[in-house]
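> whatever this is, show me its structure:
(chains A and B)
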Amino acid sequence: MAQDRVLTGIVVDEETLTVDELAQACAVERRWVRARVEAGLLGTTVVGQVQEWRFASAELARARRLVALERDFDANEELAALVADLIEEVERLRAQLRGA
Amino acid sequence: MEYRDYYRDLGVERIASADEIRKAYRRLARKYHPDVSKEPDAEQRMREVNEAYAALSDPEKRAAYDQIGQARHAGEEFQPPPDWGAGFEFSGGEPQGMGAEEFSEFFSSLFGRAPRGARPAGGHRMRGSDHHARVMVDLADVYQGATRSISLRGARLDDDGRVVSEERVLEVAIPKGVTEGQHIRLTGQGGAGIGGAGAGDLYLEVRFSPDSRYRVEGRDVYQSVPVSPWEAALGAEIDVATPSGTVQVRVPAGSQTGRKLRLKGRGIPGNPAGALYLELRIVLPPANTEKARKLYETMAREMAFDPRAAGGG
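Next up is the predicted model:
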C-alpha cells in the first residue's frame, strides 16, 4: 500500500481538537480527559462547557505524556502531572541552552 | 522475520512472576523514558521494552509466546507455524493500546490476529485507532514548506481477517510556518477501522533537526554572527547567511559581543511571523604573525583601554 501522492495535513494549532478528538488521539475515554481538565492537570486554558473545549498541539503532547506516565508507572494523576510539569520545564531549559 | 526474546528485553527469567515482570518493566521504563533518558538509543530500547511488556504482561499472550519460544534465540529467523493461532483466542479489539503501531512484525504476526468480530463481514464496527509519529524537519524547510518522506510500520487486515504487518512510506507536506512541537494531523492515515468503520488519524509531531547555528523559541529564531573587532567598533555592512537566504545587515558602530540585531519578519513565517535575532560575537584575529602582533602592541600602547575599569568591556 505504498503511496506516491503527497499528503497534506492540518496543523493542530490551526484547527484545534475537541475533547472527543483528544481522547481518541490518546486512546482514552472522554471522561479521562474531562477529569484531568477539571482537576487543573490538563488544558488549563480551556473555557466554557465541555463541548466548547479546544486543545492545541502542546495539550495533545501533554495529554499523551500523562497517559503514558499513569500507565507505565501506575502513577496517580497528580504525580503524573507533576512529572509532566518537570519534563516541560526541562524541555524549555534545554531549548534555551541549545545553540546559545 | 526475526524472533524476539522478550524475556531478555526485560532482563527477567522465563519463570519470572507477573510481579517481577511488572517491576522489571517499570525499572526499564524509567531508565529509557525518552523525555529524561541520557542513553543514546533510549527511544529504540523503550519500544522494545514496551513490546516485551505488552507480550509478557498478558497471560494469554505470554502462554502463546512461551509455547513457540522453546529453544529459540533472539534475532533467529522465525516464521509462525502454519496452524498458528488455532489454539489461542486473544481477547479485546485493540489489546495493544497506545504505541502498538510501533511494535515489530514479529509481535503483530503472533498477536495481531484480529478477534472474530473484526472480520470484514462481522457486524461489529469500530473506528481505527489514531497513530502517532515524529517527523524531523530542517529549519529552512519551514520557511518555504517542504515534503518529507516517512516510513511507518502499519498493520492491515488481510482477507482472512488476520493482521499482517507492513511497512508504508508516506510523502507528507510540511506546511510553511509550522514550528517545533506542533502536530500535523493526517485524516484517515491511522489504524484501519473494523467492520467498515473509518480509519483513525495519524498525528505527526514536528521536530527540528539539530542545527548548532540556530536556536528557536516559538517563531523567533536566534543566530550567532561572528564579527571582527573593527566591524563591531566602526560599524559595517555585512552579509549573513540566514535560514531565509543571505541578507545584508548593518552592524552599528560601537557594538559589543551579545548585541542583538532584530530582523522583523525574518523568523518562522506565520501570522504574525517571528523575528530573526542576530547575536553579535566578536572574534579576535590571532596574533600569530609579526604584523598582527605589532598591531596589537600598537593598540596596547596607544589606546587607554581597561576592560575591567568601570564602563569598560
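> residues in contact with B:Ala253?
B:Ala233, B:Leu234, B:Gly235 (C-beta atoms under 8 Å, 6 or more residues apart in numbering or on different chains). Quick note: C-beta positions are derived from backbone N, CA and C, even for glycine.
> quick one: B:Ala275 and chain A, what's the gap?
Per C-beta to the nearest C-beta, to the nearest Å, B:Ala275 is found 16 Å from chain A.
> contacting residues around that residue?
B:Ala275 is in contact with B:Arg219, B:Asp220, B:Val221, B:Arg262, B:Leu263, B:Lys264, B:Gly265, B:Arg266, B:Gly267, counting by C-beta under 8 Å, 6+ apart.
> quick one: the second one and chain A, what's the gap?
Taking C-beta to the nearest C-beta as the measure, B:Asp220 falls 11 Å from chain A.
> show the pLDDT at that residue.
pLDDT for B:Asp220: 94.
> which bits of chain A sit near chain B?
In this structure, chain A approaches chain B at residues A:1-13, A:15, A:24-27, A:57-58, A:60-61, A:64-65, A:67-68, A:71-73, A:87, A:90-91, A:95-96, A:98-100, judged by C-beta under 8 Å from any C-beta of the partner chain.
> of the residues you listed, grab the buried ones for ChimeraX.
Buried residues among those (16 or more other C-beta atoms under 10 Å in any protein chain shown), as a ChimeraX selection:
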select /A:7,9,11,12,13,24,25,26,27,57,58,60,61,64,65,67,68,71,72,73,87,95,98,99
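> so which of the residues of chain A next to chain B sit within strands?
A:Val6, A:Leu7, A:Ile10, A:Val11 (DSSP state E).
> helices and strands around the top helix by length along chain A, which ones?
Counting by DSSP state H, the longest helix found in chain A is helix A:77-97. Where contact means 3 or more C-beta pairs under 8 Å, 6 or more residues apart in numbering or on different chains; DSSP states H and E, helix A:77-97 is packed against helix A:30-38, helix A:57-73, strand B:214-217.
> may I see the ones you listed organised as TSV, with distance to B:Thr298 and mean pLDDT added?
Formatted as TSV, the entries for the helices and strands packed on helix A:77-97 read as follows, by distance: least, C-beta to C-beta, whole Å; pLDDT from 0 to 100:
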stretch	distance to B:Thr298	mean pLDDT
helix A:30-38	69	95
helix A:57-73	56	93
strand B:214-217	38	89
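> need those in JSON lines with distance to B:Gly11, can you?
Shown next, in JSON lines, are those (distance: least, C-beta to C-beta, whole Å):
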{"stretch": "helix A:30-38", "distance to B:Gly11": "31"}
{"stretch": "helix A:57-73", "distance to B:Gly11": "16"}
{"stretch": "strand B:214-217", "distance to B:Gly11": "39"}
